[in-house]
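>>> generate a structure from the sequence data that follows.
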Amino acid sequence: MLETSARLLRLLALLQTRPDWTGAELAGRLQVSPRTIRYDIDKLRNLGYPVHAAPGVAGGYRLGAGAKLPPLLLDDEEAVAVAIGLRTAGTVEGIEETSLRALAKLEQVLPDRLRRRVQALHGATVSLARGGPSVSAETLTTVAAACRDRHRLRFGYRTHDGSVRERDVEPYRMVHTGRRWYLIGWDVDRDDWRTFRVDRIEVRTPGGPRFTPRREPPASVVPKGVDTALMRYRARVTVHAPASAIASHLPESVLVESVDEHTCVVHAGGDTPMRLALHILALEADFTVDDPPELLEALRTLSARAEVTRRGSGEQHSHQGGTS
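Okay, here's the model as predicted:
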């Protein structure tokens, strides 16, 4: 009996590694007869695993999706990865409690060696508050299904000023930056690629008409610069330093364009003009603000505060900084 159970687990592991197997291939791997394979397949079906069979020379077996979730078979690395992912779930609305329930079930059956690995990593890790907006699991799964099945999405999109506009989009991919979820897709009405924050999407028609996929969007659309492109305040700053010297000190979400060997243009974003100004001042190079006017005002405010501080302390230092 123990030999049969071990063989069933081995058979299940094989079915999960690739879409299709012939009976002869499975029999050869397990060193049993094709008749035994048919018997074991029936056993798996009785346990709730939906194993589909196709007759004929080119036929075989495929593990499909059923009406209920059967027990899963994970190897060591997969089990650890799932446990870590459940511990760090954070930007999906309402999923925290569900994640903890699933994690409790998983840790209950983890072998001691794997449980110690997961607990050691969790104990040595501090999760910082991301501060990003949460997204409902229903919206995420609806958008993801539209990307997979190539169905157009019609949704209301809340803009920076709070107004809601109807959008008709051919979804391409979702991007998760750690703080926010984004949808990249072809905006039918604007006839161009666009990026949307998923937390601002209210799906109207989830199962729209199917569409033929377009060529992949240009690199400027995904994923670099996605945070900058959708920030409330976006700056274009000419920096008097080579791009290689500036880019190494900036996060990947900031786009740096080389103009010549002495100059580059930085595209940065911020939730407020003041945060954007502090971001620009950290460049440690002279710069000229091309846009927006709110950034210039924030820089003037910071300059005035610094001047008052110097006067109050009696310091007489010359000031070197950016120009506008």
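
>>> for the chain, which strand is longest?
strand 164-176 (DSSP state E).

>>> strands paired with that strand, and their directions?
Note on strand 164-176: by DSSP bridges, its sheet partners are strand 153-158 (antiparallel), strand 181-187 (antiparallel).

>>> among the ones you listed, which is nearest Arg116?
With Cβ to Cβ as the criterion, Arg116 lies closest to strand 181-187 of the strands paired with strand 164-176, at 33.0 Å. In short, each C-beta sits where N, CA and C put it, glycine included.

>>> out of the strands paired with strand 164-176, deepest packed?
Ranked by mean neighbour count under mean count of other Cβ atoms under 10 Å, the strands paired with strand 164-176 are led by strand 181-187, which reaches a mean of 22.

>>> quick one: the helices in this structure?
For the chain, the helices defined by DSSP state H occupy 2-17, 23-30, 34-46, 76-87, 96-109, 112-123, 137-149, 226-230, 243-247, 273-281, 293-313.

>>> can I get those in TSV with mean pLDDT, distance to Val254 and mean neighbour count?
Shown next, in TSV, are the helices of the chain (pLDDT from 0 to 100; distance: least, Cβ to Cβ, whole Å; neighbours: other Cβ atoms under 10 Å):
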stretch	mean pLDDT	distance to Val254	mean neighbour count
helix 2-17	80	41	14
helix 23-30	90	51	16
helix 34-46	91	52	15
helix 76-87	77	28	16
helix 96-109	72	31	13
helix 112-123	77	30	13
helix 137-149	85	26	16
helix 226-230	52	6	19
helix 243-247	83	8	16
helix 273-281	83	8	19
helix 293-313	79	14	14
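
>>> quick one on the thing from earlier: in the longest strand of the chain, what's buried?
Counting neighbours by 16 or more other Cβ atoms under 10 Å, one finds that the buried residues in strand 164-176 are Arg167, Asp168, Val169, Glu170, Pro171, Tyr172, Met174, Val175.

>>> output the helices of the chain in a markdown table; the columns should cover distance to Trp186.
Formatted as a markdown table, the helices of the chain follow (distance: least, Cβ to Cβ, whole Å):
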| stretch | distance to Trp186 |
| --- | --- |
| helix 2-17 | 35 |
| helix 23-30 | 42 |
| helix 34-46 | 42 |
| helix 76-87 | 30 |
| helix 96-109 | 33 |
| helix 112-123 | 40 |
| helix 137-149 | 12 |
| helix 226-230 | 16 |
| helix 243-247 | 29 |
| helix 273-281 | 30 |
| helix 293-313 | 31 |
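
>>> Val265: which of the ones you listed is closest?
In terms of Cβ to Cβ, the element of the helices of the chain nearest to Val265 is helix 243-247, at 8.5 Å.

>>> what packs against that closest one?
Applying 3 or more Cβ pairs under 8 Å, 6 or more residues apart in numbering; DSSP states H and E, we find helix 243-247 packed against strand 255-260, strand 263-270.

>>> quick check: mean pLDDT of the longest one?
Spelled out, it's strand 263-270. Mean pLDDT, computed over strand 263-270, is 82.

>>> partner strands of it and their direction?
Next to strand 263-270 in the sheet, as set by DSSP bridges, lie strand 233-239 (antiparallel), strand 255-260 (antiparallel).

>>> which residues are in contact with the nearest residue to Leu278 once chain neighbours are set aside?
Ranked by Cβ to Cβ, 6 or more residues apart in numbering and with sequence neighbours excluded, the top spatial neighbour of Leu278 is Leu302, at 7.7 Å. By Cβ atoms under 8 Å, 6 or more residues apart in numbering, Leu302 lies in contact with Met274, Ala277, Leu278, Leu281.

>>> who's the residue nearest to the spatial centre of the chain bridged to?
The centroid of the chain falls nearest to His176 when counting by Cα atoms, centre = their mean (2.2 Å). On the basis of DSSP bridges, His176 is bridged to Trp181.

>>> reformat the buried residues of strand 164-176 as a markdown table; add pLDDT and distance to Asp260.
What follows is the buried residues of strand 164-176, written out as a markdown table (pLDDT from 0 to 100; distance: Cβ to Cβ, whole Å):
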| residue | pLDDT | distance to Asp260 |
| --- | --- | --- |
| Arg167 | 94 | 39 |
| Asp168 | 94 | 42 |
| Val169 | 94 | 38 |
| Glu170 | 94 | 38 |
| Pro171 | 92 | 39 |
| Tyr172 | 89 | 34 |
| Met174 | 84 | 37 |
| Val175 | 79 | 32 |
